[in-house]
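Colleague: Generate coordinates for the sequence data below:
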Amino acid sequence: MAQWIETKVRYDKMTETGKIKKVTDVFLVDALSVSEAEARMTKEMMAYVSGDFSVSAAKKGDIAEIFRNENGDYWYLVVVAFITIDEKTGSEKYTKSRILVQATDFQNALANFLEGMKGTMADFDIVSISETKIIDVFDAELN
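Modeller: So this is what the prediction gives:
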């Protein structure tokens, strides 16, 4: 089962005007521990960043699932409430889940989420959809 760890990487980036600016970008890593996520981000960033950089933060995320779309440039967080009926009381129970969706824009995020949910037998309500600051998602390295 995936354990998604959100990492923040701080580095120098050249702006369109040619100035160097310190930025912090957010990445999601499938890793067994925070230490592994930091090591993986260091390895990944070495290929893209020249100069100093640091993994400034890493914390366990609570992403239940990821719906990818290779055309998507952005990552959206969809909070969904699954609806179940308590058999004893007959009342509805809501269980929230967080799903990350790759998309080109908000409308595409909604469409990609609904496509990913096709075939789901559970009833659900979409609580919210919001764009995240996540730049990229790195899957587990399986050897």
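Colleague: Could you list the buried residues of stretch 114-129?
Modeller: The neighbour-count check on stretch 114-129 (16 or more other CB atoms under 10 Å) flags 116-117, 129 as buried. C-betas here are computed from N, CA, C, even on glycine.
Colleague: How far off centre is the host helix or strand of Val29?
Modeller: Take DSSP states H and E as the rule and Val29 turns out to sit in strand 20-30. Centroid displacement of strand 20-30 relative to its chain, using CA atoms, centre = their mean, to the nearest Å, is 13 Å.
Colleague: can you map out the helices along this protein?
Modeller: Per DSSP state H, the chain carries helices over the ranges 34-46, 106-116.
Colleague: Could you list every helix and strand that the longest one packs against?
Modeller: For helix 34-46, the elements it packs on are strand 4-14, strand 20-30, strand 53-60, strand 134-138, judged by 3 or more CB pairs under 8 Å, 6 or more residues apart in numbering; DSSP states H and E.
Colleague: Please identify the deepest-packed of those.
Modeller: strand 4-14 (a mean of 18; mean count of other CB atoms under 10 Å).
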